[in-house]
Each structure stands twice: as structure tokens, then as C-alpha cells.
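K.L.:
with the input below, show me the fold.
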Amino acid sequence: MAELEKRAHQADPTNRARLRWRARRGLLENDLILTRFLDAHEAGLTDEEVDAFTRLLDLSDNALMDLVLARKEPEGEIDLPHVHALLARLRQA
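P.N.:
Reported below is the predicted structural model:
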């Protein structure tokens, strides 16, 4: 099932466009970081990474910026190993 979901995201231009559209943010810094990350890594994202990215996109701009800049660490529903792993990659971008 996981392989099917990966194909569904990676092979479906609509899903990829939706993820990119959601990555557009009000804060220019977030927008630049997320867009550059997707430019470099989108084609190789796993299901878990897409899930982590989606969870991060559900946050407000300020909360997301705090996480990306390592001012805070994930808490509550987003305190998951795959979210931490994706954040580490975003912080290197």
C-alpha cells in the first residue's frame, strides 16, 4: 500500500502541484526555504516525508519559521520521528 501511495504522489502531477501550492507562504523566508527544498528534493520524497511536509504546512507561518530556524522543536501532534527528520533536512537547505 505504501508503494501505491508513493506512486500516487510522485506520479500524479495534480498531487505534486497541490503540495507546491501549499508550500507558498505569507512569510517570504518560509516561501523561499520550502520552494528551494522542493526544487531540490521533491522527486525523491518518500510517503513519510510527504506526510511530514504536509503536517508542517498545516502550521501557521510563524510556528513554521520557528521550527525551520530551530528556535523551537515539534510538540504535540507533530512530535514525530519523520517530522524531526524532515526538519533536519529543511534546516540544511
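
K.L.:
which residue packs closest to V83, ignoring adjacent ones?
P.N.:
In space, and not counting its chain neighbours, V83 is closest to A52: 4.5 Å by CB to CB, 6 or more residues apart in numbering. C-beta: built from backbone N, CA, C; applies to glycine.

K.L.:
repeat that for T35.
P.N.:
Excluding the flanking residues, the one nearest T35 by CB to CB, 6+ apart is A23, at 6.1 Å.

K.L.:
C-terminal to the longest helix anywhere in the chain, what's the next element?
P.N.:
As assigned by DSSP state H, the longest helix anywhere in the chain is helix 28-41. If you walk from helix 28-41 toward the C-terminus, the next helix or strand you reach (DSSP states H and E) is helix 47-57.

K.L.:
ok, back up a step: pull the residues that contact the longest helix of the chain.
P.N.:
19-20, 23-25, 57, 61, 64-65, 68, 89-90, 93 (CB atoms under 8 Å, 6 or more residues apart in numbering).

K.L.:
tell me which residues in that helix are buried?
P.N.:
N30, I33, L34, T35, F37, L38 (16 or more other CB atoms under 10 Å).

K.L.:
just give me the closest of those residues to P81.
P.N.:
F37 (18.8 Å; CB to CB).

K.L.:
just to revisit the earlier point, from what I can see the residue nearest to V83 touches P81, true?
P.N.:
No - the pair A52 / P81 is not scored as a contact, 9.1 Å apart, by CB atoms under 8 Å.

K.L.:
on that earlier part again, can I get the CA coordinates of the longest helix of the chain in CSV?
P.N.:
Taking C-alpha atoms only, helix 28-41 is exported to CSV below (Å, rounded to 0.1, in the frame of the first residue of the first chain):
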residue,chain,number,x,y,z
LEU,A,28,8.9,35.2,2.2
GLU,A,29,11.5,33.4,4.2
ASN,A,30,9.3,30.3,4.6
ASP,A,31,8.3,30.5,0.9
LEU,A,32,12.0,30.6,-0.2
ILE,A,33,13.1,27.8,2.1
LEU,A,34,10.2,25.5,1.2
THR,A,35,10.3,26.2,-2.5
ARG,A,36,14.1,25.6,-2.7
PHE,A,37,13.7,22.4,-0.7
LEU,A,38,11.0,21.1,-3.1
ASP,A,39,13.1,22.2,-6.2
ALA,A,40,16.0,20.1,-4.9
HIS,A,41,14.2,17.1,-3.3
